[in-house]
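Colleague: Got a sequence here, can you model it:
(2 chains)
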Amino acid sequence: MSAGDLARALARRSFVELTARERARALLDAGEQRELLGPFDRLHSPWLERQGIVPQEDDGAVIVRGRLDGREAVAIAIEGRFQGGSIGEVAGAKIAGALDLARAAAERGAPVLPVLLLETGGVRLQEANLGLAVIAEIHASVVALRRHVPVVGVVAGMVGCFGGMSLAAALCSRLVVTRQARLGMNGPEVVEQEAGVEELDASDRPLVWSLVGGEQRHAVGLADALVEDDVDAVAGAVREAFRRGAPHVHWSEEVERFERRLAAIDPAGALDGAALRRLWKREDR
Amino acid sequence: MSEANGARSRGETWLAALTGTDGIAAGGPRSVRVADAPLGDERARWLAVVPDPAGRFPRARSGEVGLDEAWALARRVREAIAGDARGTRRPIVAIVDVASQAYGRREELLGIHLACAAAVDAYATARLLGHPVVALLVGRAMSGAFLAHGYQANRLLALDDPGVLVHAMGKEATARVTRRTVAEVEQLGREVLPMAYDVRSWARLGMLDRLISGVDADAPSHEDVRRVRGALGEAVADARSGPRDLLRRLASPASRELRAASTEVRRRLAAQWDAV
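Modeller: This is a model prediction of the structure:
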């Protein structure tokens, strides 16, 4: 390591190690920031206590109003340390509600830039059908909002982004990931449970990251930006995403291109992350 | 009706009963059935995901929403959107009997999350553009599969039948993941309403627009089909006259009680949004 590398490494401030609240605040411009429905509003899950789980007064979702490059913004951050970042009724309503308020603001001609910090295993199983329902509502809100203003998603790690919320990540206008991130629909443990260890050994970390890790997702064109685990790098990538604006076509609208890509895959053939990188080149947008 | 009736999935059964066709269409895949067939005095686009033992991806051969299925749903919905760009927006009916999303290594590698997001996007976009989108639950409405096929609808209808199940994770999988027995998972559903699987419990959460009783879900009679068509027609008319978002799901009397916390969150969030 050169002296310069060492200096940069020492100056680096990990984003992954931050809590959801710290992430939201670190991301927005310094200065005036305001948390909405913070812990003192005491809006916690009405479903957890009766199942012997201590609720958290923000239900693991943090909404902070502030600015990005001087423009009005809202950071919506999921706390991966609380129940694995799972989405229950209250956390989900906070997220969907904030997205809808951002849409209303855009419709009034006063856009608020929305950033989603996704650190979640998906539906909170203790609130099962309410979690699933509100995730559908979050999807609806993202699709409606991104017609007005780009929605930027960040998956930093270590929880990653799974379940129904991985669809929310895929609906974002632009997606920022780190090498620590994982993005997939079914968590590796669930795939192993459902399909067997011969299908996927969830304890094989290099294998898991080679399939759904941030670097892999970026390499095959399923994430826009790959950044170091560094506050300034993540914050810079989010600002850059808004500067570039919404892509001409969202990936979730590119049915023909992705069906063509998929048709060229032999499901019976050996396929791993490296092989897919040769087949699916990333295209900047 | 085919002679192999016993082997037919509910999705196949109801698509055939409601459209008079098997829905197998050029461009495939065979697991995603599509038909443009009458509903009331107009033509609707009908969609169902069904098992295909010969499907390309082994993990999506039993009625799961896999990669090919999710992208095909997106394509079929977008065909209707593009086809109606200059005319009346046709109703889109999602006939829902989906076991789960496909669980597999290849599925994850190849981005099943984006595939399902594409289906979500297509249905949500159709709704926002004014297509009346109605989901008819005739069997399982599970997890990510339901998100991709049905949950973006303006109106949600279900058959009142023990085989109609709604949940975030299949019963057996939930038992394995939470290290409980299936009996314990079922017991928990009786104690905590959102954890139940049966459609009557789900109806009590307040999102369902109509529970259709007295219908044979496996072998519908002509009268059963007539009644379901009637309910679908009313849902379409109702959807056309209402807003294009999903907020009505929070406005029902049952929601106001069961999802009171959701309403409270949205109310207070709005109050704080612009506060100085």
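Colleague: Going by C-alpha atoms from here, please, whenever you check contacts or count neighbours.
Modeller: Noted.
Colleague: show me the contacts for residue B:272.
Modeller: A:36-37 (C-alpha atoms under 8 Å, 6 or more residues apart in numbering or on different chains).
Colleague: Need the nearest residue in space to the residue nearest the centre of chain A, chain neighbours excluded.
Modeller: The structure's chain A has its C-alpha centroid closest to residue A:118; by C-alpha atoms, centre = their mean the separation is 3.0 Å. Nearest residue to residue A:118 in three dimensions, chain neighbours excluded: residue A:155, at 5.3 Å (C-alpha to C-alpha, 6 or more residues apart in numbering or on different chains).
Colleague: that's a strand at residue B:93, yeah?
Modeller: Yes. Judged by DSSP: H, G, I helix; E, B strand; the rest coil, residue B:93 forms part of a strand.
Colleague: what about it, neighbour count?
Modeller: Using other C-alpha atoms under 10 Å in any protein chain shown, the number of residues around residue B:93 comes to 27.
Colleague: could you measure it against residue B:233, distance?
Modeller: 10 Å (C-alpha to C-alpha, to the nearest Å).
Colleague: element containing residue A:103?
Modeller: Assessed by DSSP states H and E, residue A:103 sits inside helix A:89-107.
Colleague: The chain: strands as residue ranges?
Modeller: Looking at chain A here, since you left the chain open. With DSSP state E as the criterion, chain A has strands at A:34-36, A:61-68, A:71-78, A:113-117, A:152-155, A:174-178, A:225-227.
Colleague: my bad, chain B
Modeller: Counting by DSSP E, chain B has strands at residues B:32-39, B:42-49, B:92-98, B:133-142, B:155-159, B:165-167, B:210-212.
Colleague: Deepest-packed of those strands, please.
Modeller: Mean neighbours per residue, mean count of other C-alpha atoms under 10 Å in any protein chain shown, is largest over the strands of chain B for strand B:92-98, with a mean of 29.
Colleague: now for it, which elements pack on it?
Modeller: Counting by 3 or more C-alpha pairs under 8 Å, 6 or more residues apart in numbering or on different chains; DSSP states H and E, the packing neighbours recorded for strand B:92-98 are helix B:10-19, strand B:42-49, strand B:133-142, helix B:143-148.
Colleague: so which of those comes closest to residue A:104?
Modeller: Across these, residue A:104 has its closest neighbour in strand B:133-142 (23.2 Å, C-alpha to C-alpha).
Colleague: Who are the packing partners of the closest one?
Modeller: Packing partners of strand B:133-142 (3+ C-alpha pairs under 8 Å, 6+ apart): helix B:10-19, strand B:92-98, helix B:112-129, strand B:155-159, strand B:165-167, helix B:222-240.
Colleague: Quick check: neighbours of that strand in the sheet, parallel or antiparallel?
Modeller: Strand B:133-142 pairs in its sheet with strand B:92-98 (parallel), strand B:155-159 (parallel), strand B:165-167 (parallel), by DSSP bridges.
Colleague: could you dump the strands of chain B to CSV with mean pLDDT?
Modeller: Below are the strands of chain B laid out as CSV (pLDDT from 0 to 100):
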stretch, mean pLDDT
strand B:32-39, 98
strand B:42-49, 98
strand B:92-98, 98
strand B:133-142, 98
strand B:155-159, 98
strand B:165-167, 96
strand B:210-212, 98
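Colleague: Make JSON lines out of the ones you listed and add distance to residue A:126.
Modeller: Below are the strands of chain B laid out as JSON lines (distance: least, C-alpha to C-alpha, whole Å):
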{"stretch": "strand B:32-39", "distance to residue A:126": "32"}
{"stretch": "strand B:42-49", "distance to residue A:126": "28"}
{"stretch": "strand B:92-98", "distance to residue A:126": "22"}
{"stretch": "strand B:133-142", "distance to residue A:126": "16"}
{"stretch": "strand B:155-159", "distance to residue A:126": "23"}
{"stretch": "strand B:165-167", "distance to residue A:126": "11"}
{"stretch": "strand B:210-212", "distance to residue A:126": "25"}
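Colleague: Near residue B:174, how many residues? Count them for me, please.
Modeller: The burial count for residue B:174: 18, using other C-alpha under 10 Å.
Colleague: can you give me the helices for chain A?
Modeller: For chain A, helices defined by DSSP state H occupy the ranges A:3-11, A:20-27, A:89-107, A:128-145, A:164-171, A:188-195, A:205-212, A:214-219, A:231-244, A:255-263, A:273-279.
Colleague: Show me what residue of chain B gets nearest to chain A.
Modeller: The nearest approach of chain B to chain A comes at residue B:118, 4.2 Å away (C-alpha to the nearest C-alpha).
Colleague: neighbours of the residue lying closest to that residue once chain neighbours are set aside, just the number please.
Modeller: Nearest non-adjacent residue to residue B:118, counting by C-alpha to C-alpha, 6+ apart: residue A:252, 4.2 Å away. Residue A:252 has 24 neighbours, counted by other C-alpha under 10 Å.
Colleague: same thing with the one 10 residues further on?
Modeller: Neighbour count of residue A:262, defined by other C-alpha under 10 Å: 17.
Colleague: Ok, residue A:5 next?
Modeller: 10.
Colleague: how much space between it and chain B?
Modeller: 33 Å (C-alpha to the nearest C-alpha, to the nearest Å).
Colleague: Next: residue A:259.
Modeller: 7 Å.
Colleague: before we move on, what about residue A:238?
Modeller: Residue A:238 is 21 Å from chain B, where distance means C-alpha to the nearest C-alpha.
Colleague: How about residue A:92?
Modeller: From residue A:92 to chain B the distance is 8 Å (C-alpha to the nearest C-alpha).
Colleague: Check whether that residue really touches residue A:133, as I assumed.
Modeller: No. Using C-alpha atoms under 8 Å, residue A:92 makes no contact with residue A:133, being 9.0 Å away.
Colleague: Point out where the chain drops to low pLDDT.
Modeller: Assuming you mean chain A. A:1 (pLDDT under 70).
Colleague: my bad, chain B
Modeller: B:1-6, B:276.
Colleague: from memory residue B:31 sits against residue B:54, does it?
Modeller: No. Applying C-alpha under 8 Å as the test, residue B:31 and residue B:54 come out as separate, 9.3 Å apart.
Colleague: Mutual contacts of those two, please.
Modeller: Common neighbours of residue B:31 and residue B:54 (C-alpha under 8 Å, 6+ apart) are residue B:61.
Colleague: neighbour count winner among those two?
Modeller: residue B:31 (27 against 12).
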